[in-house]
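Novice: Okay, predicted coordinates and the sequence, questions at the end:
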Amino acid sequence: PSKYIETLYSFQKACLTGHEIVDKNKVMGSYDPDIVQRAVHLLRSPFDNVVSRFHHERKIHKKDDEWTKKYPDTPKGFRKWCAYVDSSSSSTREQAGKSRWIDSDLEEMWGDLLCHTEFYRYVQWHNLAIEVTEKMELPTHRLFYENYTTNFDTTVKELFQFVRLKQVAPSPEFITGKEYDFFTSKERKLAKKVVKTVSSKSTWRLIEHYFD
């Protein structure tokens with residue numbers, strides 16, 4: 001758990017870290033939090049988000065034939081990758097039970113959940129995103145990923161209005177259909193129980209509908 005658990009401080013610091021151009025070179029730098037005026041908080045189905053993380057890893061390793069062959073872009077390849085992530089993130093049952101962050105009740109609950117490491121990361125990110133924006137007293141726009149599919153024009157218009165920018169070019173085409181049925185009904189029920197347990201009340205209100 002120590003490999004992926006963040007504090008409010010470390011999360012905010014990471015949010016303020018990014019690339020900047022210095023003498024025509026791209027370097028990593030930190031931004032002054034006082035320059036941040038607004039925040040856009042994007043939310044997506046946790047199930048699709050976890051699968052998307054798998055696809056992102058495949059892109060990173062696209063030139064590694066051994067890796068991509070070991071974890072093919074199939075439900076079976078996804079499940080194998082989840083097992084690898086859960087074990088390599090020091091989140092086996094024995095290790096989790098020894099963690100000061102994961103008590104025995106939570107460890108027992110999530111032990112059989114596919115990709116429980118990624119679900120925990122998902123909830124932690126949203127919990128901390130809400131905490132940081134509240135701490136910084138930022139006006140925040142909640143944007144649900146699926147709205148790009150159901151109401152694209154209005155979603156884009158509201159986003160531009162919130163960030164106080166004028167749209168000067170047509171929006172790029174949004175590719176729909178990025179929804180994945182890689183989890184069983186039993187796994188979805190267990191995910192709901194785990195996610196609700198580790199979510200703050202504010203986070204759960206925002207993501208509860210993904211488990212209906």
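Specialist: Ah, there it is.

Novice: ok, which stretches of the chain are helices?
Specialist: Assigned by DSSP state H, the helices in the chain fall at 8-15, 46-60, 65-70, 75-88, 93-97, 104-110, 116-135, 147-150, 152-163, 185-198, 201-207.

Novice: Could you dump those helices into JSON lines with mean pLDDT and mean neighbour count added?
Specialist: Every residue, glycine included, has its C-beta placed from N, CA and C. Listed next are those as JSON lines, based on pLDDT from 0 to 100; neighbours: other Cβ atoms under 10 Å:
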{"stretch": "helix 8-15", "mean pLDDT": "93", "mean neighbour count": "14"}
{"stretch": "helix 46-60", "mean pLDDT": "96", "mean neighbour count": "17"}
{"stretch": "helix 65-70", "mean pLDDT": "96", "mean neighbour count": "12"}
{"stretch": "helix 75-88", "mean pLDDT": "92", "mean neighbour count": "16"}
{"stretch": "helix 93-97", "mean pLDDT": "50", "mean neighbour count": "15"}
{"stretch": "helix 104-110", "mean pLDDT": "74", "mean neighbour count": "16"}
{"stretch": "helix 116-135", "mean pLDDT": "96", "mean neighbour count": "20"}
{"stretch": "helix 147-150", "mean pLDDT": "94", "mean neighbour count": "14"}
{"stretch": "helix 152-163", "mean pLDDT": "96", "mean neighbour count": "14"}
{"stretch": "helix 185-198", "mean pLDDT": "94", "mean neighbour count": "16"}
{"stretch": "helix 201-207", "mean pLDDT": "98", "mean neighbour count": "15"}
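
Novice: would a markdown table of those helices with distance to residue 170 be doable?
Specialist: Listed next are the helices of the chain as a markdown table, based on distance: least, Cβ to Cβ, whole Å:
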| stretch | distance to residue 170 |
| --- | --- |
| helix 8-15 | 30 |
| helix 46-60 | 25 |
| helix 65-70 | 35 |
| helix 75-88 | 35 |
| helix 93-97 | 49 |
| helix 104-110 | 44 |
| helix 116-135 | 30 |
| helix 147-150 | 15 |
| helix 152-163 | 10 |
| helix 185-198 | 37 |
| helix 201-207 | 30 |
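
Novice: With respect to residue 31, which of those helices lies nearest?
Specialist: Nearest to residue 31, of all the helices of the chain, is helix 8-15, at 8.9 Å by Cβ to Cβ.

Novice: Other residues contacting the closest one?
Specialist: The contact list for helix 8-15 (Cβ atoms under 8 Å, 6 or more residues apart in numbering) reads 6, 30, 33, 125, 128, 129, 131, 132, 135, 136.

Novice: ditto for stretch 153-162
Specialist: Stretch 153-162 is contacted from outside by 38, 40, 139, 141, 143, 147, 148, 166, 167, 171, using Cβ under 8 Å, 6+ apart.

Novice: how about 6 Å then?
Specialist: Outside stretch 153-162, the residues that touch it by Cβ atoms under 6 Å, 6 or more residues apart in numbering are 141, 147, 148, 167, 171.
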